[in-house]
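Colleague: I'd like to go over a predicted model; first the sequence, then the structure.
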Amino acid sequence: MAKTVAFHLQKGGVGKTTISGTLACQSALGGHKTLIVDCDPQGNISSWFLKEPPKYELADVLQGKCYVNDAIVKVPAVDNLYILPTFGIGGTLKLYSETKLAEEPFVLQDLIAEASAGFERIVLDLSPGLGRLERSALIASDEVVSPMISEVFSLDGLEIFIHELVKIRKNMRASVKHNKVIINSYDSRIKQHRDIYAAALKAKNYEVYLIPVDPIFRKCQEAGKAPQGFKIKGRGMKDSTIAAFEKLDKDIWK
Ligand SMILES: Nc1ncnc2c1ncn2[C@@H]1O[C@H](COP(=O)(O)OP(=O)(O)OP(=O)(O)O)[C@@H](O)[C@H]1O
Ligand SMILES: [Mg+2]
């Protein structure tokens, strides 16, 4: 059975896709058969890793139009990495989540359980917000890790998320673990960033990870590549970015 980890905070643009995609690459390049499930109707992680939309997408599986294995495709640029994609254009996942999903909140959990047999690790990229789709993805996960950025509103967002997660666990009989927070685009030269880091460290029972600002992410997303090994004008990932993902990879999957 694969371990399933979601990356989520209801706030937009905090690095959920960048971190889940980079961590999935780290895992796959480390020799572990890894699956990304694109649970975001925007389909950002799918357009990062796939040049052309394949025949089926996640919403097709959820609607019973195909089997889960029919919709999983290999990521061409990365060994051991597979994706169950979502196409942003067409909005099928959005429509499904706004209509049918209410009647079948555990459908994603069943899908992950089925996919789980063929993989060691599963990474879920979620959309911003905390609606039905995100809740269904959270109850399908063993663990959720929260990316945030160095803003007061992100800290507020984390508090709200922790509060909501208590209700989700109780109402949906779920046991998803949540004890890791990632401060993304961190710059230690900026006082506000250091202050937010200090405030986050006060959260009891949480481990706090830092990922620096690194232009490699935007570039490799444009190129459809893994950040690991990717170079712009001879420069690859910063050493601190490499170290951050090595530590995350070690801690998340242990
Ligand atoms: N550490 C970083 N350094 C530099 N750029 C970054 C970093 N993390 C993310 N970015 C860039 O910030 C933008 C937003 O990141 P991303 O799409 O991962 O956020 P998100 O939380 O998934 O957004 P959404 O809520 O829309 O799904 C992207 O263009 C990405 O390349
Ligand atoms: Mg995203």
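Modeller: That came through fine. Ligands and ions are numbered 1, 2, ... in the order given.
Colleague: show me what from the stretch 51-200 of the chain comes close to ligand 1.
Modeller: Ser127, Pro128, Asn184, Ser185 (C-beta under 6 Å from any ligand atom). C-beta coordinates here come from the backbone N, C-alpha and C atoms, glycine included.
Colleague: what residues are up against the closest residue in space to the first one that isn't next to it in sequence?
Modeller: Nearest residue to Ser127 in three dimensions, chain neighbours excluded: Asp40, at 3.9 Å (C-beta to C-beta, 6 or more residues apart in numbering). Counting by C-beta atoms under 8 Å, 6 or more residues apart in numbering, Asp40 touches Lys16, Thr17, Thr86, Leu93, Asp125, Leu126, Ser127.
Colleague: narrow those residues to those in helices?
Modeller: Counted as lying in helices by DSSP state H, out of the contacts of Asp40, are Lys16, Thr17, Leu93.
Colleague: by neighbour count, which of the residues of the stretch 51-200 of the chain next to ligand 1 wins?
Modeller: Neighbour tally across those (other C-beta atoms under 10 Å): the maximum, 25 neighbours, falls on Ser127.
Colleague: correct me if wrong: that residue contacts Leu133.
Modeller: Yes - with contact defined as C-beta atoms under 8 Å, Ser127 and Leu133 form a contacting pair (6.8 Å).
Colleague: between these two, which contacts overlap?
Modeller: Common neighbours of Ser127 and Leu133 (criterion: C-beta under 8 Å, 6+ apart): Cys39, Pro41.
Colleague: on that earlier part again, want to throw the ones in helices among the contacts of Asp40 into CSV with pLDDT?
Modeller: Formatted as CSV, the ones in helices among the contacts of Asp40 follow (pLDDT from 0 to 100):
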residue, pLDDT
Lys16, 98
Thr17, 98
Leu93, 96
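Colleague: and ligand 2, which of these reach it?
Modeller: Lys16, Thr17 (C-beta under 5 Å from the ion).
Colleague: just the closest of the ones in helices among the contacts of Asp40 to Asp214, please.
Modeller: Among these, Thr17 lies closest to Asp214 (C-beta to C-beta), at 14.6 Å.
Colleague: burial check on Asp79, number of neighbours?
Modeller: Look at Asp79: counted by other C-beta under 10 Å, it has 12 neighbours.
Colleague: any part of stretch 131-141 near ligand 2?
Modeller: No - shown here: stretch 131-141 not in contact with ligand 2 (C-beta under 5 Å from the ion), separated by at least 11.7 Å.
Colleague: mind listing what's buried in that stretch?
Modeller: Counting neighbours by 16 or more other C-beta atoms under 10 Å, one finds that the buried residues in stretch 131-141 are Arg132, Leu133, Glu134, Arg135, Ser136, Ala137, Leu138, Ile139, Ala140, Ser141.
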